[in-house]
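**Student:** Next one to model:
(one chain, ligands or ions: 1)
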Amino acid sequence: MVKEIQLRITLKEEERDGILVLKSALKLDIDREDITGIKILRKSIDARKPKIILNYKVAVYIREPLPKHSEYKFNYKDVSKAKPIHIIGFGPAGMYAALRCIELGFKPIILERGKKVQDRRRDLKAINQDHFVNEDSNYCFGEGGAGTYSDGKLYTRSLKRGDVRRIFENLVFHGATDQILVDAHPHIGTNKLPKVVQNIRETILNYGGKIHFEARVIDFTIKNNSIQAIQLQNKKNLPVEKVILATGHSARDIFYLLHKKQIALEAKSFAMGVRVEHPQHIIDTIQYHCSGERHELLPAASYSLVEQVKDRGVYSFCMCPGGFIVPAATANGEVVVNGMSPSKRNNLFANSGIVVEIDINKDLPKYESFGALKGLEYQKNLERLAYTAGGRSQVAPAQRLTDFVEGKLSSDLNPTSYQPGLKSAPLHSLLPKLVGSRLRKGFQAFGQKMKGYYTEEANIVGVESRTSSPVSIPRTETLEHPQISNLYPCGEGGGYAGGIVSAAMDGERCAEAATNSL
Ligand code: FAD
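**Tutor:** Residues are numbered from 1 along each chain as shown. This is a model prediction of the structure:
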């Protein structure tokens, strides 16, 4: 017999071995010996009150063996001689599109502008240390896309759009910890992701798929409203039948190419702001109501904040407890910040994007002449502004949080995790009013919600500009582009995803749509 129950465990109880068995036996009023195994289905922390509670949902196996893991069978088959599907981009959308093609009996041929995960590392070092951005290999471009050296949080709001569990099971199948199947806020960590990505590559190759690295797509040959061939930067021309375009939201050259070829694009609302960085102990103190160090069983605390300021949402985005701020530019001449954390989340800082919603229909009148690319041009201008304010390198412009709100240049800055370094700059006057004034009000409101959050011990760092795509690529109900019958816009760059999990789900969907019509 199997019974599903909820358990509430205090931190003190959690320290005891066998506590889940004991509490289950008490709750079900059975002997401990009758419990043959316990499967944790969900775990979350309730830190709303000083007495912190761990909430567990468990399946208790009573006189019945605990089954081996995994409900899902991934039915990969040899596709080396099967019909090809071309996939541009090997981020989460491209990877999951390729895996799904293999399950469905089609051969994925992937074209990725960047390098394999291991070779990417050198280029990341060059950004951090030499301030040189390789425009094909950086925090956004390369094997695994923006998802590889990301934070690896696996939260998604798109629960209705697909089977999240299937995405998670496939990550576990490729080496991610099975803890992600249980945690209320699953997280893989930047140190663990490259291995998972490498394992996905191996599955694709082992079953007969092909991956071309350092293969940037620069043009399409279009006839009779369909793509006949793809042109690569190395001058190779590849004839194609179906193309899944999963190039992410930072592939501006792809947006420019489509625009030049008069393939319909649409301007999309997005968000823009800064990254705020606090010492982790301040966030722990606020969230766990503790005065010194957090309890050793508790993870670095996180937060999620939102405030409505003058008709626009101001909200925290991609909060990274125990993490680092990273330089996520994809070209020289721009500064873009983002965040990540290792699986243990044991760095001394807590950082988060704090961004303001940009309403594409109202907020950018000066950019109207750019048509569908107006948001992209606005985004680009702010990234250039950050580059200039930082001193024309990957050094990022920054300000103490309190100085930003009070409108003062900071005479000095707090320590930071951002490796290229920070330069004090008057972000309060540099950022457009649309963003800057709302951020200032938003931070004050956040200080009311979380006492201690509004502190001079925090820095803000500019700019957090790539939260989502400022452009979308339309598609019909069958997921093709309305003008180009064999082009399947996919993932975050198409405007159909906002993170690793939703991009992966969209990749699967596009693979199903593209193969369905073959
Ligand atoms: P991408 O991951 O952007 O992949 C696109 C791929 O296409 C890239 O590999 C690129 O090299 C390739 N490409 C681009 N142009 C071309 C071309 N012309 N020819 C060939 N190939 C091309 N999301 C989360 O859910 N949780 C997180 O914790 C998280 N943390 C993040 C931290 C950082 C530092 C960053 C940068 C992002 C983070 N994200 C996070 C966002 C997440 O990584 C993206 O939402 C996700 O990767 C989007 O997937 P995608 O496949 O649509 O696009």
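
**Student:** Tell me the residues on the stretch 201-350 of the chain that lie near the ligand, please.
**Tutor:** Neighbours of the ligand within the stretch 201-350 of the chain, by C-beta under 6 Å from any ligand atom: 216-217, 246-248, 250-251, 253-254, 318, 326, 328, 338, 340. (Each C-beta comes from the backbone N, C-alpha and C, glycine too.)

**Student:** what's the closest non-adjacent residue to the closest residue to the ligand within the stretch 201-350 of the chain?
**Tutor:** Nearest residue of the stretch 201-350 of the chain to the ligand, counting by C-beta to the nearest ligand atom: G248, 2.1 Å away. Nearest non-adjacent residue to G248, counting by C-beta to C-beta, 6 or more residues apart in numbering: G493, 4.6 Å away.

**Student:** Confirm that neighbour sits in a helix?
**Tutor:** Yes. Counting by DSSP: H, G, I helix; E, B strand; the rest coil, G493 is located in a helix.

**Student:** Check the gap between it and E214 for me.
**Tutor:** 19 Å (C-beta to C-beta, to the nearest Å).

**Student:** Between the two, tell me which one has more neighbours.
**Tutor:** Of the pair G493 and E214, G493 is the one with more neighbours under other C-beta atoms under 10 Å, namely 28 against 17.

**Student:** I'd say the more buried one and R252 touch.
**Tutor:** No. G493 is beyond contact range of R252, at 9.9 Å (criterion: C-beta atoms under 8 Å).

**Student:** Give me the mean pLDDT for stretch 389-396.
**Tutor:** What stretch 389-396 shows for mean pLDDT is 98.

**Student:** Over to stretch 249-258?
**Tutor:** 98.

**Student:** Please save the CA atoms from it in PDB.
**Tutor:** Listed next in PDB are the C-alpha coordinates belonging to stretch 249-258 (Å, rounded to 0.1, in the frame of the first residue of the first chain):
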ATOM      1  CA  HIS A 249      16.900  36.600 -27.500                       C
ATOM      2  CA  SER A 250      20.500  37.900 -27.900                       C
ATOM      3  CA  ALA A 251      20.900  36.900 -31.600                       C
ATOM      4  CA  ARG A 252      20.400  40.400 -32.900                       C
ATOM      5  CA  ASP A 253      22.000  39.500 -36.200                       C
ATOM      6  CA  ILE A 254      19.100  37.000 -36.800                       C
ATOM      7  CA  PHE A 255      16.500  39.700 -36.000                       C
ATOM      8  CA  TYR A 256      18.300  42.100 -38.400                       C
ATOM      9  CA  LEU A 257      18.500  39.400 -41.100                       C
ATOM     10  CA  LEU A 258      14.800  38.500 -40.900                       C
END
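
**Student:** mind checking how far that stretch is from the chain centre?
**Tutor:** Distance of stretch 249-258 from the chain centroid (C-alpha atoms, centre = their mean, to the nearest Å) equals 19 Å.

**Student:** next one: stretch 52-63
**Tutor:** Remark: stretch 52-63 is offset 30 Å from the chain centroid, using C-alpha atoms, centre = their mean.

**Student:** Also stretch 126-142?
**Tutor:** Distance, stretch centre to chain centre, for stretch 126-142: 18 Å (C-alpha atoms, centre = their mean).

**Student:** Equivalent analysis for stretch 282-301, please.
**Tutor:** Centroid separation for stretch 282-301 versus its chain: 25 Å, with C-alpha atoms, centre = their mean.

**Student:** try stretch 154-174
**Tutor:** A distance of 13 Å separates the centroid of the chain from that of stretch 154-174, by C-alpha atoms, centre = their mean.

**Student:** Now do it: distance from first to last residue.
**Tutor:** One end of stretch 154-174 sits 15 Å from the other (C-alpha to C-alpha, to the nearest Å).

**Student:** now stretch 322-329
**Tutor:** 22 Å.

**Student:** Run through who's touching that stretch.
**Tutor:** For stretch 322-329, the external contacting residues (C-beta atoms under 8 Å, 6 or more residues apart in numbering) are 127-128, 133, 138-140, 146, 149, 151, 275, 277, 280, 299-300, 335-342, 344-351, 383, 394, 396, 416-420, 461, 466.

**Student:** The chain: helices as residue ranges?
**Tutor:** For the chain, applying DSSP state H gives helices covering 11-14, 19-28, 92-103, 117-125, 164-173, 193-206, 252-260, 280-288, 374-389, 401-406, 427-430, 433-449, 491-494, 500-516.

**Student:** quick one, which of those helices is nearest to G313?
**Tutor:** helix 433-449 (9.0 Å; C-beta to C-beta).

**Student:** can I assume S468 is in contact with S250?
**Tutor:** No. If you go by C-beta under 8 Å, S468 and S250 don't touch, sitting 11.1 Å apart.

**Student:** which of these two has more neighbours?
**Tutor:** For S468 versus S250, neighbours defined as other C-beta under 10 Å are more numerous around S250 (25 against 18).

**Student:** which residues touch the more buried one?
**Tutor:** Here S250 is in contact with 140-141, 146, 330, 466, 493 (C-beta under 8 Å, 6+ apart).

**Student:** Could you list the domains of this structure?
**Tutor:** Listed by automatic domain parsing, the domain ranges of the chain are 2-62, 84-265+477-516, 267-464.
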